[in-house]
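Enquirer: Provide a 3D model corresponding to the input given below.
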Amino acid sequence: MPAMFPVPMSRKAIAMLFCFAAFSAGAAVWSFRSGFLWTGICILAVAVPIIALYWFMLVANPANTRLFVEGTSLLVDAPPFLKASQPLDAVTRAFVCSLKGEPAFAGLKSEGSMAFFGYRSGMFRTAAGRDVVVVTRGDRVLCLETAERYFLLGPKDLDGLIAAVSAVVPVRQG
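Expert: Next comes the predicted model:
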């Protein structure tokens, strides 16, 4: 049975979305009560689609993002941006690092991804031109280096992922 590691959005980002929704609803109610009918209608016409879009981006997609470790295989499932698999025995180096403290990952360029409030999901490219698969909800990640690309993985249970990968590949704590 594969070990599964979810990568949900942080509660801080979800709380900020709810605050924005409450503020928008309050502004619409105030507009209607103050006689600014069209202002209230415009607020609703703009805020409701934006809130729905951000709900999808911040809650729905990250809630379905999962990392699976089964035997010697890693599967990254981060809809709608990414689905990737990697045999763990092809990993040349595995280490834990901070994205802010690792110069190789400074200035990652997006190649079809999402990055919002510390949550990152999708394909990126380093300044040196190497592909990077990133699925993380924070700054501390497990980095798996292969001949073709890097995997930067930061699920909610990072220590559990490290333990699952350590069964196949030695992981250097850093």
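Enquirer: now the residue in the chain sticking out farthest from the centre, what's its secondary structure?
Expert: Relative to the centre of the chain, and counting by Cα atoms, centre = their mean, the farthest-placed residue is Gly35 at 42.5 Å. Following DSSP: H, G, I helix; E, B strand; the rest coil, the label given to Gly35 is coil.
Enquirer: again with Met9
Expert: coil.
Enquirer: For Gly26, the count of nearby residues, please.
Expert: 11 (other Cβ atoms under 10 Å). In short, each C-beta sits where N, CA and C put it, glycine included.
Enquirer: and it, how far is that from Phe20?
Expert: 11 Å (Cβ to Cβ, to the nearest Å).
Enquirer: likewise Tyr150?
Expert: 34 Å.
Enquirer: ok, Leu88 touching Pro170?
Expert: No: with contacts counted by Cβ atoms under 8 Å, Leu88 stays clear of Pro170, the gap being 11.1 Å.
Enquirer: These two: which has the busier surroundings?
Expert: Neighbour comparison, Leu88 and Pro170: the larger count goes to Leu88, with 19 against 10 (by other Cβ under 10 Å).
Enquirer: List the contacts of that one.
Expert: Taking Cβ atoms under 8 Å, 6 or more residues apart in numbering, we find Leu88 in contact with Val69, Thr72, Ser73, Leu74, Leu144, Val165, Val168, Val169.
Enquirer: Just the buried ones from those residues?
Expert: Among the contacts of Leu88, the ones that count as buried by 16 or more other Cβ atoms under 10 Å are Val69, Leu74, Leu144, Val165, Val168, Val169.
Enquirer: For Ala47, see how far away Met57 is.
Expert: For Met57, the distance to Ala47 - Cβ to Cβ - is 15 Å.
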